[in-house]
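# What follows is a predicted protein model with its sequence.
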Amino acid sequence: MNYRLFIISGKGGTGKTTLSFALSKLLLERGKKVQYTAFDHEVDYSALDELGIPYFETTVEKSCEKYIGLKLKSETIAKWIMKTPFFSALFSILPSLGSMILLGHYIKELENDPDLVIVLDSPATGHAKSMIEATHNFKEIFKAGVLVHDIHRMHDFLHKKEHVKSFICSLPTEMSLQEAGELKSFMMQKNLTNTSIILNNYIKSPNSNMSFINGKISSETEIIDHFTKSSEISQRIPKIFSHQTKLVVMRVKETLEKLI
Amino acid sequence: MSNFTSDTKIEIFCGTGGVGKTTLATARAVSQGKIGLRVLLITIDPSKRLKQILSLDDKDAGVKHSVDLTNDKDQSPIDTILMSPTQTFKEMKLSSQRSNKILEILMRPNGGMNEIMAIIEVQKHIDSKLYDVIVLDTPPGKHFLDFIKATQKIDRFFDKSFVEIFKYFGKKFNKSKIGFTPKKVIGLVVSKGLKKLLKYLEVVTGKEFVEEFVDAIFTLYENKNKFLAALSFQKHLENSSSYELFLVASTEQQKLDEILEIQNKSKYFSSEKTSVLINKSIKNKLELVDTEKLSDEEKNILKYFNDLENKVNSFSQKYFGKFKTFNESLSTSPKQQVLDLVKEWDSYDKN
């Protein structure tokens, strides 16, 4: 398992962050040089510190400034450009431009350091699609210039099977699994072919004396059976009945260990 | 019920992903329709099955569809729209003969303009005065804030950035509108001191882009009033009688600090117009469990679920005056889930 970039996506609330933490932990244990990143959403630094997971810290603004500085060979000019009302408004009205540059920044880091592995705790489905599609859209928009050259390089990296592994998290509900299936076909279309669906948080328990649990189990089983037939689910992680992040992450990591 | 609606009420559903915003919002719309109100439901990216139930399809996103979920002859159906930036943009009917590739690409469903176009769409239906209530399902979490900030973004974009460029040649442009070409504009801009900025842009993006880009900006500027019309949405939100905000949490998927963050950052909303909806509660089922027969493992599981219920309840009591709990539906069918929630909504306004 020598992937360089792991993308963890799926519907909101399906356990993307927990899975990203667990995967980072597992890779660290296997001696990889790992950095976790939460893309443009808020990072739970205290949990990362508690788990001892190194993270890649940047923001869209910082990445853009760095990128433009690199291209124009001057950080001062880049700072000036980003501060002009015109550019700051441009980036705020076109969030996808910023997210593309951010994704480009990760790939650049991966190219510069052949030992580095990045675990990308991606935004939920809709915004994950925007993030991935941005490279394609801007490739069409920019026909020349250094940016289009860099987009080609990004694509070259992303489309190598041995570089990128994507996991789509799903809960055992119909809506979540449907969405996971849709996201998977979207990613396949965008040449991210190494994508699999992980069923997370299903209740693994024999029949219980508590009828509400049995009710949950039977509706989950019905849905899982339906989706297993269409062979969408590649891996399963059972629900951990605890509220302590560290404990849950370590338990998920143990399951992952057997899976990948 | 009068045929003329003086002020459309907006009901905004927001919260983190996966808590059931779309399902709850759909149920709310159906319940409002049941009492004879004219309802429009605007959803943002519902799941495939829910789309089927609402007779929506990606192909006709952005187009109104009438939906009758209750199969009740006495009840008029509700209108639903699946938000599509492409369609909203098309319907703005920009006054430009040129089609601009940059704008077309950005208005695609995943082009990143969803939040801004959603505000424009909503405002259009407020102005139409066809509805008593618009039920609005918003993007999850932080993207809801983007949605709310979209009016400011539109304002800022036209105010500051365009002024910077257009003040250089605004008068000339107005006089000779017909003879304008992107090249001419670049000529004007360059001669007026923005040369450096555009030169830098050219290095990064290529010359062809700069031309197309100036053209895109020009098209937007020519039509700025159509975008600025969306700013009245903000005014709509300043009038507390015309909206209600529902922050959706779910018992299993809490992320309560995110709810507080949304509440703190969306300063337009008065606290008396804000309620928390606790979805997927199983409290009534937990109370029925006979604890004496349980094994240690089962006791642990029961405690896990009880803790969740207690946590979300005390959170809601502490930070919000108004909250309502919705029981989890055990049905695996999204349609039945909606119908189960409709029943719970029916009692909401009576309290």
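Perfect, thanks for sending it.
# drop to CA atoms for contacts and neighbour counts, all remaining ones
Noted.
# Contacts made by whichever helix or strand residue B:339 is part of with the rest, please.
Taking DSSP states H and E as the criterion, residue B:339 maps to helix B:334-346. Outside helix B:334-346, the residues within contact range by CA atoms under 8 Å, 6 or more residues apart in numbering or on different chains are A:174-175, B:23-24, B:26-28, B:30-31, B:49-50, B:53, B:69-70, B:326-327, B:329-331.
# Got the domain ranges for chain B?
B:9-151+B:232-346, B:161-228 (automatic domain parsing).
# just for chain B, where's the confidence low?
Applying pLDDT under 70 to chain B flags residues B:1-6, B:96-98, B:141-142, B:158-195, B:240, B:267-268, B:350-351.
# which element is residue B:275 on?
strand B:274-281.
# quick one: that strand near chain A?
No - applying CA under 8 Å from any CA of the partner chain, one finds strand B:274-281 separated from chain A by no less than 11.6 Å.
# Please save the CA atoms from the next helix or strand after that strand in CSV.
Following strand B:274-281 in sequence order, the next helix or strand is helix B:283-287 (DSSP H and E). Extracted in CSV, the C-alpha atoms of helix B:283-287 (Å, rounded to 0.1, in the frame of the first residue of the first chain):
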residue,chain,number,x,y,z
LYS,B,283,-35.8,8.7,23.7
ASN,B,284,-39.3,7.1,23.8
LYS,B,285,-37.8,3.7,22.9
LEU,B,286,-35.0,3.9,25.4
GLU,B,287,-37.5,4.6,28.2
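# elements contacting helix B:283-287?
In terms of contacts (3 or more CA pairs under 8 Å, 6 or more residues apart in numbering or on different chains; DSSP states H and E), helix B:283-287 is packed against helix B:296-319.
# Please spell out which residues along the helix it packs on are buried.
B:298, B:301-302, B:305-306, B:308-309, B:312-313, B:316 (16 or more other CA atoms under 10 Å in any protein chain shown).
# Which helix or strand in chain A has the lowest average pLDDT?
Within chain A, confidence by mean pLDDT, DSSP states H and E is lowest for helix A:85-93 among all helices and strands, at a mean of 69.
# in what helix or strand does the spatially closest residue to residue A:51 that is not a sequence neighbour lie?
Nearest residue to residue A:51, sequence neighbours excluded (CA to CA, 6 or more residues apart in numbering or on different chains): residue A:246, at 6.6 Å. Element membership for residue A:246, per DSSP H and E: helix A:245-259.
# For that helix, which outside residues touch it?
A:18-19, A:21-23, A:25-26, A:47, A:50-51, A:235, A:237, A:240, A:242.
# again, 10 Å this time
A:17-27, A:30, A:47-48, A:50-51, A:200-201, A:234-242 (CA atoms under 10 Å, 6 or more residues apart in numbering or on different chains).
# again, but for stretch A:137-146
Contacts of stretch A:137-146 (CA under 10 Å, 6+ apart): A:71, A:96-97, A:100, A:130, A:133-135, A:147-152, A:155, B:101-106, B:108, B:110-111, B:201-210, B:212-213.
# Please spell out the ChimeraX selection for the buried subset of those.
Here is the ChimeraX selection string for the buried members of these, based on 16+ other CA under 10 Å:
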select /A:96,97,100,130,133,134,135,147,148,150,151,155 /B:102,103,105,106,108,110,111,201,202,203,204,205,206,207,209,210,212,213
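# Now go through the contacts of helix B:334-346 and say which are in helices.
A:174-175, B:23-24, B:26-28, B:30-31, B:49-50, B:53 (DSSP state H).
# pLDDT weak spots in chain A?
A:85-86, A:89, A:93, A:231.
# all helices of it, in order?
Using DSSP H, helices in chain A cover A:16-29, A:45-51, A:60-72, A:75-83, A:85-93, A:95-112, A:125-141, A:145-158, A:174-189, A:211-229, A:245-259.
# so residue A:78 makes contact with residue B:200?
Yes - taking contacts as CA atoms under 10 Å, residue A:78 lies within contact range of residue B:200: 9.3 Å.
# Run through the helices of the stretch 151-300 of chain B in chain order.
Along the stretch 151-300 of chain B, counting by DSSP state H, counting those that start in this stretch, helices occupy B:162-175, B:182-189, B:195-205, B:207-222, B:224-228, B:232-238, B:256-265, B:283-287, B:296-319.
# same thing with the stretch 1-150 of chain B?
B:21-34, B:48-53, B:85-91, B:101-106, B:114-128, B:142-156.
# Among these, show me which one is buried the most.
Sort those by mean neighbour count, taking mean count of other CA atoms under 10 Å in any protein chain shown, and helix B:21-34 sits at the top with a mean of 25.
# For residue B:239, grab the count of nearby residues.
Residue B:239 has 12 neighbours, counted by other CA atoms under 10 Å in any protein chain shown.
# swap in residue A:225?
Using other CA under 10 Å, residue A:225 is surrounded by 11 other residues.
# again with residue A:232
By the criterion of other CA under 10 Å, residue A:232 has 19 neighbours.
# And it, how far from residue A:224?
According to CA to CA, to the nearest Å, residue A:232 stands 10 Å off from residue A:224.
# joint contacts of these two?
Contacts common to residue A:232 and residue A:224, judged by CA under 10 Å, 6+ apart, are A:177, A:199.
# can I get the buried residues of helix B:296-319 in TSV with distance to residue B:338?
Listed next are the buried residues of helix B:296-319 as TSV, based on distance: CA to CA, whole Å:
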residue	distance to residue B:338
B:298	31
B:301	28
B:302	27
B:305	23
B:306	25
B:308	23
B:309	22
B:312	22
B:313	23
B:316	23
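# residues in contact with residue A:196?
Counted by CA under 10 Å, 6+ apart, residue A:196 has contacts A:8, A:165-169, A:180-181, A:184, A:232-235.
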